[in-house]
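Asks: sequence and predicted structure are below.
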Amino acid sequence: MSEQDRAYTLDTSVLTTDTVTAEADGKTYNLSADQMTALGAELTYSGEAVKDGQVTVPAGGSAQVTVELRIPAKTVEHMKALGYTNGFYVEGYVYVRPVADAEGALDVTHSIPLLGWYGNWTDPSSFDTGSYLDYAYGTLQRPSHIDASVKNVMTWCPKGYGAGLYYTGNIYGSYSASAGLEGDRHYYPERNAFSTLPESQWQFYALFPTLIRNASDVEVRITDADTGKLYYVNDYETFDDYMMASFYYTNAGQWYDTTGDYGVGFDWDYVDPETGKTIPEGTRIRFSLLCAPDYYINDDGSVRWDDLGKGASLSYEFTVDNTAPQLVGSRPSPSAPMARPCTGQHRMKTTSPLWSC
């Protein structure tokens with residue numbers, strides 16, 4: 001406390017995560033660096049005792065200052081160009097620098113840290129890079145944090161099988177003279193389909209996520225992919241309301257809490273709870289696992305599920321297709337002596353040396 005009025009100059013340094021360029025497998029990536037860089041921002045200081053970027057504190061008293069920070073559109077576009085399409089950190093310090101008094105004496109400079117996030121906190125993915133499908137089809141966009149190919153995978157199985165099989169595309173889609181009949185060389189999500197008929201031999205088993213952010217609560221939802229109508233929800237209290245992110249344990253030399261440690265199943269009978277009827281053919285269904293960080297948990301334990309961003313959900317979509325495949329034509333092939341039928345995905349027409357399905 002001072003016996004005379006003291007003036008201070010207000011100043012702020014605004015920083016964000018810097019980037020570095022890396023190369024792997026012939027591709028170039030912008031990655032987050034372990035250092036900071038200046039971030040263009042617009043600053044405003046306000047308060048009863050604030051004028052022209054200075055605040056005057058009365059003798060023996062106090063003064064309140066509000067610092068407003070705005071990120072201009074050109075800064076946002078610059079960050080997007082660097083790869084920060086889902087938001088970025090905004091951090092730094094607000095400095096309160098003393099103005100020398102008549103005798104040239106200076107008070108102490110105060111530095112007040114600030115930390116924020118521009119964008120939705122859960123727009124960046126809560127899941128590790130890629131999925132089992134990306135590894136199976138060679139479509140991984142950037143290197144993974146974890147040295148594992150089985151992750152973020154949907155599983156299904158024959159009824160009564162008791163264990164999940166990794167879901168991929170059509171396994172009987174093409175013919176190779178050297179390898180014989182083999183699966184599609186590409187994954188076509190629009191062809192994903194399942195049957196709701198009682199005689200169907202396959203059923204969905206579970207989703208196996210690989211998290212890189214801790215989830216304080218998880219929830220499984222099955223919805224209409226077009227309308228958002230909710231058909232099924234399970235908050236999975238068996239996980240004690242949390243799911244840990246993967247981490248590397250140096251002493252053991254391996255990753256823990258990866259895909260094999262968690263699995264969330266589906267106990268759904270394909271019925272619309274509102275009508276009591278089986279979901280009709282042609283309906284597009286979305287299976288989703290929602291993972292909420294602690295930031296979205298209210299004091300009473302409830303979760304702001306609707307505030308979650310796109311990165312908090314792991315989803316797969318399928319279309320109800322109860323129409324059996326039909327043989328619409330065939331032609332002989334001397335290189336394929338044994339005929340095998342096509343099976344697989346939604347309304348698919350695939351031509352092989354044996355069949356046109």
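Replies: That came through fine.
Asks: wait, is Y45 part of a strand?
Replies: Yes: under the criterion used here (DSSP: H, G, I helix; E, B strand; the rest coil), Y45 sits inside a strand.
Asks: can you give me the buried ones in the longest helix belonging to the chain?
Replies: Longest helix of the chain, by residue count under DSSP state H: helix 73-81. Using 16 or more other Cβ atoms under 10 Å as the test for burial, helix 73-81 gives 75-76, 79. No exception for glycine: its C-beta is placed from N, CA and C like everyone else's.
Asks: got it, and stretch 52-67?
Replies: Under the neighbour-count criterion of 16+ other Cβ under 10 Å, stretch 52-67 has 55, 57, 63, 65 buried.
Asks: biggest separation within those, which pair?
Replies: V57 and V65 (9.8 Å; Cβ to Cβ).
Asks: for F287, which non-adjacent residue is closest in space?
Replies: Y316 (5.1 Å; Cβ to Cβ, 6 or more residues apart in numbering).
Asks: partners of the helix or strand in which the one you found is found in the sheet?
Replies: Counting by DSSP states H and E, the element that carries Y316 is strand 313-320. Paired with strand 313-320 in the same sheet, following DSSP bridges, are strand 193-194 (parallel), strand 284-292 (antiparallel).
Asks: looking at these, which is buried most?
Replies: strand 284-292 (a mean of 22; mean count of other Cβ atoms under 10 Å).
Asks: now for E91, how many residues are close by?
Replies: By the criterion of other Cβ atoms under 10 Å, E91 has 17 neighbours.
Asks: G282 too?
Replies: Other residues close to G282 by other Cβ under 10 Å number 12.
Asks: L114 in helix, strand or coil?
Replies: Applying three-state DSSP: L114 is strand.
Asks: packing partners for the longest helix of the chain?
Replies: If you count contacts as 3 or more Cβ pairs under 8 Å, 6 or more residues apart in numbering; DSSP states H and E, helix 73-81 packs onto no helix or strand.
Asks: alpha carbons of that helix, as CSV, please.
Replies: The C-alpha trace of helix 73-81 is given here as CSV (Å, rounded to 0.1, in the frame of the first residue of the first chain):
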residue,chain,number,x,y,z
ALA,A,73,-9.9,-12.9,-38.6
LYS,A,74,-6.5,-12.6,-40.4
THR,A,75,-4.8,-14.2,-37.4
VAL,A,76,-7.3,-17.1,-37.4
GLU,A,77,-6.7,-17.7,-41.1
HIS,A,78,-2.9,-17.6,-40.5
MET,A,79,-3.2,-20.2,-37.8
LYS,A,80,-5.4,-22.4,-40.0
ALA,A,81,-2.8,-22.2,-42.7
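Asks: who touches the next helix-or-strand element following that helix?
Replies: The first helix or strand that comes after helix 73-81 along the chain, using DSSP H and E, is strand 88-98. With contacts defined as Cβ atoms under 8 Å, 6 or more residues apart in numbering, strand 88-98 is touched by 6-17, 36, 39, 41, 55, 65, 67, 69, 71, 79, 106-119.
Asks: from those residues, list just the buried residues.
Replies: 6-8, 10, 14-17, 39, 41, 55, 65, 69, 71, 79, 107, 118-119.
Asks: assign the residue nearest to L290 when sequence neighbours are not counted to helix, strand or coil.
Replies: Among residues not flanking L290 along the chain, E219 sits closest, at 4.7 Å (Cβ to Cβ, 6+ apart). State at E219, reduced to three classes by three-state DSSP: strand.
Asks: residues in contact with E219?
Replies: E219 neighbours (Cβ under 8 Å, 6+ apart): 233-236, 289-290, 292, 303, 305.
Asks: per-residue confidence at the residue of the chain most remote from its centre?
Replies: Here the chain reaches farthest from its C-alpha mean at E103, the gap being 58.6 Å by Cα atoms, centre = their mean. Listed pLDDT for E103 reads 76.
Asks: helix, strand or coil for it?
Replies: Applying three-state DSSP: E103 is coil.
Asks: from A225, how far off is the closest residue to D257 other than its chain neighbours?
Replies: The shortest distance from D257 to any non-neighbouring residue, by Cβ to Cβ, 6+ apart, is to M244 (4.6 Å). In this view, M244 and A225 are 29 Å apart by Cβ to Cβ, to the nearest Å.
Asks: contacting residues around the nearest residue to A148 once chain neighbours are set aside?
Replies: Using Cβ to Cβ, 6+ apart and skipping the chain neighbours, the partner closest in space to A148 is T258 (5.7 Å). Residues near T258 by Cβ under 8 Å, 6+ apart: 146, 148, 151, 210, 246.
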